[in-house]
Structures are given as structure tokens and as C-alpha cells.
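A.B. asks: My questions concern the predicted model and sequence given below.
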Amino acid sequence: MGAVDPIELVAAQVRLASLPEVVTRVCELIADPRTSASDIGQVIGQDPALAARLLRVVNSPFYGFPSSIDTVSRAVTVVGTTELLDLVLAASVVRLFPGIPPELVDMDAFWRHSAYAGVVARVLAARRRMPNIERYFVAGLIHDIGSLVLYRAVPEQAAQALALARERELPLHLAEREIMGCDHAAVGAELMHAWNMPPVLEEAVGCHHEPQRAHAFPQETAIVHLADVISGALETPDAGSEQIPPLDPEAWDSAGFAVEALESIVTDADRQFAVARELIAPLHPEPA
């Protein structure tokens, strides 16, 4: 097989990995200035499992609100529409890729890394007092989503790239480029585009290994890059795992963190991780 074109690949796969209707409807409602919190709550309420998961999260230490929030429309009012959309996306996207061969990827480990990267990105963004820190959580959570498209669409080439990364101790995205002519970051960015996600997610996903390529959202991309590297560095290496992606020193400098802050960043992330697991649980896709 020859080079993989991310646009063609995603066009063929997006029907199999289309966003749930509830996410699409929430996107449409948020774009309409006439929408009320009650309207959004009613749409999310059509997916009881999703609604329950969101209420668990907004009542968790993730937010620390002083009183209990017992309806989704109240959650919309308190958390904010854009932030809630990000949480809806996070809770939904984990269920979109059933049937990926376990010999290619351990899905539990994949989502653990992704969720931890999302939490680290959220912690970093909060420390920089960035607006809408949930957007960073989502960007971290889905930064590697292009890998899932590759595993499902071109499993033989994806397996070759994994083998090459292990054999030559290469970062996976460089091995993918050798085998396929593109990498999971480019495929992920194209998927964000096909899903009509905000441009910040498209760039952060597409440039998370090379944050210097980000022009419109360099700080957001730098934070996702750092979160990915920190998450990878903290994982217990297992036999045959690929290399941790290298840290871009400029990304660390542009994000503005002292090296001494790393320990407390990890402590904060560990504290929030259990809540993040609640949001994306169950890690295995739910049956239709």
C-alpha cells in the first residue's frame, strides 16, 4: 500500500465515527443566540447515561461548587454553555471507536494516557489563567484520536509503524510518516475539521508533536504538547512500548512554567484524574 491521504482516509471513516446526534444538536443550539439553558438540558437529557455522567462531573471536586447541581439545565447555567459542550464532546468521543484489534492497541491504556494528558492540559491552562480550561481538557483527551482512525482504516500499515517505532526507538509519529507518508496528528486534525470542531482543537491536535508549527493557537498547542509529553513520561513503560515524544523546549518556555512547578502540576493532575475517568467511563465503548 502507498501513502495515506488524511483527507481521503477521514472522508471514508467519518461515517463510521460520526459524532452522536446529541453532540451535533448541542453544537447547533449553542451557536443559536436564542437558545436557553433549558433547551440544551432537554437535548442532553435524551441520552440519560450522558446526562448522568455530566452531573457526576459537575458535582465533583473538578469544580467544587458549594451546592448540589441536580439538573443538566442548571449545569449549563453554572458551568457555561461552551464548557459544557466540551464536556459533552469528551464524554461522547470515547465511545466512537469500537472494534479496534487489541493486538494493535490496548484501548484502556490508550484512553488512560489520553485522559491523563487532558487533565494535565487542564491544570496547565488553569495555572496560566486561560479562559475555558475545559477546552484544554478536551484537546488533551483527543490529541491522539487520529491513531484510532489509522488503527481501524489501515491496520496493517499502522502495525508496521508501531513495529518500526519499537525497532528503531523512534517516536511513533515519525515512524508513521516513514510508512504512510502522514501521521496520526494530521489524521486527527482532519477528523476535527470533518466534525466541524473549533479551529483551536484542529490546530492543537494537528500540531501537538510540533507545536512550533501552530500559528493561530500557539499557546494552546504548546500546552497540549507539554501535557502529552508529561503524561507519556509518567506512564509505566511496558515491553514494546514506543518512545516518549521529545519535549519541544520552546513550548515549555512559551507556556511559561518553571521546572520546579512540575511536581505540583503532577500532584494536581493526579487529584483530578479520578474525576476525568468518571467523565469518560466506561472506557470501553458502550453498545449501541
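C.D. replies: Structure's in. What do you need?
A.B. asks: helix/strand/coil for residue 167?
C.D. replies: Classification of residue 167 using DSSP: H, G, I helix; E, B strand; the rest coil returns helix.
A.B. asks: correct me, but residue 63 touches residue 83?
C.D. replies: No. Using Cβ atoms under 8 Å as the test, residue 63 is too far from residue 83 to be in contact (9.8 Å). (C-beta placed from N, C-alpha, C; glycine too.)
A.B. asks: Between these two, which is the more surrounded one?
C.D. replies: For residue 63 versus residue 83, neighbours defined as other Cβ atoms under 10 Å are more numerous around residue 83 (21 against 14).
A.B. asks: Quick check: which helices or strands does the host helix or strand of the more buried one pack against?
C.D. replies: Under the criterion of DSSP states H and E, residue 83 resides in helix 81-93. Applying 3 or more Cβ pairs under 8 Å, 6 or more residues apart in numbering; DSSP states H and E, one finds that helix 81-93 contacts helix 21-31, helix 37-45, helix 48-58, helix 72-79, helix 133-141, helix 262-280.
A.B. asks: 10 Å - rerun?
C.D. replies: Applying 3 or more Cβ pairs under 10 Å, 6 or more residues apart in numbering; DSSP states H and E, one finds that helix 81-93 makes contact with helix 21-31, helix 37-45, helix 48-58, helix 72-79, helix 107-127, helix 133-141, helix 262-280.
A.B. asks: which parts of it are buried?
C.D. replies: Residues 81, 83, 84, 85, 86, 87, 88, 89, 90, 91, 92, 93 are the ones in helix 81-93 that count as buried (16 or more other Cβ atoms under 10 Å).
A.B. asks: Among those residues, pick out the one closest to residue 204, please.
C.D. replies: Closest to residue 204 out of the buried residues of helix 81-93 is residue 86 (12.5 Å), distances taken as Cβ to Cβ.
A.B. asks: Tell me the spacing between the closest one and residue 135.
C.D. replies: Distance of residue 86 to residue 135, given as Cβ to Cβ, to the nearest Å: 5 Å.
A.B. asks: Between these two, which contacts overlap?
C.D. replies: 198, 201 (Cβ atoms under 10 Å, 6 or more residues apart in numbering).
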